[in-house]
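S.K.: Show me the folded form of this:
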Amino acid sequence: GMWTALFTIICAITDSSCLMMYVTRFSEEIFSSIVSVLEIAAALTAIINIFLSDLSVGAQLLSVILCSATYITAVKFRDLRGSDWMNATWRKHVSNYGVVITIILGTIIANAVLEPFGITDLGFLNVPASI
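M.R.: Numbering: from 1, shown residues only. Model prediction:
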């Protein structure tokens, strides 16, 4: 925290924001591509680690199904913006919040499927009770 604060103060004092006019759209796209590749690699590594762990076959299969369904649904929500479904305002909102909606739906489906199929070892994110 302190290092970030110090760095921010130095950038403000030296007026480093004036250098942003030299950043091109091409630079932004390269950076976003690098971040995307890193996130995709992390997701694939997590899926591979699920198969290398000692989880049950049901938990492994459910993990792959949830991962695939989350990706496909998020892409479909993104593509909704250019479709004829609903009016433009609703399409825009659903498209903008598609990833959040998809994660919430995936969590609800995962919790609903666990007990009927007897899957007890599916991993979830650990959320602290308080900050």
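
S.K.: Can you check what pLDDT the model gives the spatially most central residue of the chain?
M.R.: Centroid-nearest residue in the chain, with C-alpha atoms, centre = their mean: Val99, separated by 6.9 Å. For Val99, the model assigns a pLDDT of 88.

S.K.: Begin at 430, not 1, for the rest of this chat.
M.R.: Taking 430 as the first residue, the last one we looked at is Val528.

S.K.: in the helix or strand containing it, what's buried?
M.R.: Using DSSP states H and E, Val528 sits within helix 527-546. Residues 527, 530-531, 535, 539, 543 are the ones in helix 527-546 that count as buried (16 or more other C-beta atoms under 10 Å). Quick note: C-beta positions are derived from backbone N, CA and C, even for glycine.

S.K.: Now do that helix: everything it contacts.
M.R.: Applying C-beta atoms under 8 Å, 6 or more residues apart in numbering, the external contacts of helix 527-546 come out as 487, 491, 495, 498-499, 502-503, 505-507, 509, 523, 548-549, 551, 553.

S.K.: what about Leu491, neighbour count?
M.R.: Residues near Leu491, counting by other C-beta atoms under 10 Å, number 20.
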